[in-house]
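[1] Generate a structure from the sequence data that follows.
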Amino acid sequence: RLDFDHQFFNGDQTVVGDRGVQCSGGQRSRIGLARVFYKDPEVLLLDDPLSAVDTTVARSIYRSAIQELGVKRGKCVVLTTHQLEFIQEFDECIVLDKGKILSRGSTYDYTVNTISTEMFEDQTMPSSKEKKPLTESKMISNSAQEESRSTGVIEWEIWKRYGKAVGGPAACLILFFLYTLTQSILLLTIVQVGTWAEAPSELQRKLHWFRIVFGLVLALVFLSITRARLTFYTLIKASSKLHDIMLHSVLRSKIDFFDTNPLGRILNRFSADVGISDEALPLTIHEFLVGAFIALGGVITASAVLPFILLAFPPLIWSFLRLRRTFINTTRELKRLEGMARSPIFALMSESLQGIATIRTNDSTNYFKKRFEQMHDAHTRA
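    Residues are numbered from 1 along each chain as shown. Got it, this is the predicted structure:
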């Protein structure tokens, strides 16, 4: 317990990350031992848990854990080790070499005397070039696992980067020209149909009107299809560029990036977030631009026909801006919360698949099911 308190910021509740990437070899070894003793089994199979720690820590683990919590409590302990000093107090010792039993005895002296002592010289004598394991200086906390969340309005730099991915000012100007031209043709078609309806009955039957309206409708359909295809093409191309930039950054990241970011968080960026950028964002931007130009065209038309209607615009604009501020702030934060709540689901699924043997060995299936349900509930609430 003291070992966890000193090495782990939150004790035995500290999140150590995928495959224990934040931990040193000695810390992973002690976590494995702690899991064994928490389960309190009758038979303990210990595969050289003392090799990843230095001599002092190894003696402490052997005395306080293996002996006190294992042997002296009547457990059957099977310990694999290359350090002879830890086999003196065991009932039976077996010496293996390349899968073959060289010696087997009930006492330490009998086992050692039956084989050549030189076999252990390189293993028992510490080398001066050996580096001391850094198992006592690394403090693990949950802070490295917490995902940061932006707050407030989207920064202008993000809009600039997205505009650059779309194609820069040139592409934006082309799209603006297409939307403006399409809306102008729409308004011209409405005006022309109105003029046709107000014409005398004998003039309405002339082929001239049909040609004008039919030509305007064809132009409107052509421009609508063109602007939609061009909008989706440029926005999906921008999403592809952003994906390539993100992939390039991840592939060239330092190892510390993968140590402090769970695999599920990275998968969330490349799956759900990229999916939103590929599917939802182009459709949303297209519908917004179409609606915005229709509204702008309606305002211009109404102002031209009934100029006094402009008096109602200031209170309407003020009410709209207040409503928009409330709606945008709420939906933006909800989307951020939803994105953050999705990452733990990916991380847990990745951890479960990679550690399925450990989960089943420790009979922790129900625990992971409960964790998954809690994370899924949190994501659903967001």
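[2] how many neighbours does residue 97 have?
    10 (other C-beta atoms under 10 Å). Just so you know, the C-beta spots here come from the backbone N, C-alpha and C atoms, and that holds for glycine as well.
[3] Where does the prediction get shaky in the stretch 151-300 of the chain?
    Within the stretch 151-300 of the chain, the segments meeting pLDDT under 70 span 151-152.
[4] Quick check: the residue most central in space within the chain vs residue 155, distance?
    Nearest to the mean C-alpha position of the chain, counting by C-alpha atoms, centre = their mean, stands residue 265 at 1.5 Å. The gap separating residue 265 from residue 155 is 21 Å, by C-beta to C-beta, to the nearest Å.
[5] cool, and residue 50?
    52 Å.
[6] out of these two, which sits in the busier spot?
    For residue 50 versus residue 155, the count of surrounding residues by other C-beta under 10 Å is larger for residue 50: 24 against 10.
[7] Please name the nearest non-neighbouring residue to that one.
    Counting by C-beta to C-beta, 6 or more residues apart in numbering, residue 50 lies nearest to residue 58, which is 4.2 Å off, once chain neighbours are set aside.
[8] For the one you found, which residues are in contact?
    50, 83, 86 (C-beta atoms under 8 Å, 6 or more residues apart in numbering).
[9] what's the first-to-last distance across stretch 248-262?
    18 Å (C-alpha to C-alpha, to the nearest Å).
[10] tell me how far that stretch is from the chain's mean position?
    A distance of 12 Å separates the centroid of the chain from that of stretch 248-262, by C-alpha atoms, centre = their mean, to the nearest Å.
[11] Okay, buried residues for it please.
    Neighbour-count burial for stretch 248-262 flags 260-262 (criterion: 16 or more other C-beta atoms under 10 Å).
[12] got the residues you listed as TSV, with distance to residue 291 and secondary structure columns?
    Below are these laid out as TSV (distance: C-beta to C-beta, whole Å; DSSP: H, G, I helix; E, B strand; the rest coil):
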residue	distance to residue 291	secondary structure
260	42	helix
261	38	coil
262	39	coil
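[13] would JSON lines of those residues with distance to residue 360 be doable?
    What follows is these, written out as JSON lines (distance: C-beta to C-beta, whole Å):
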{"residue": "260", "distance to residue 360": "28"}
{"residue": "261", "distance to residue 360": "27"}
{"residue": "262", "distance to residue 360": "22"}
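[14] between those, which is nearest residue 90?
    residue 262 (40.0 Å; C-beta to C-beta).
[15] Give me the packing partners of the helix or strand where residue 330 lies, helices and strands only.
    Using DSSP states H and E, residue 330 falls within helix 313-354. Under the contact definition 3 or more C-beta pairs under 8 Å, 6 or more residues apart in numbering; DSSP states H and E, helix 313-354 sits against helix 263-268, helix 365-381.
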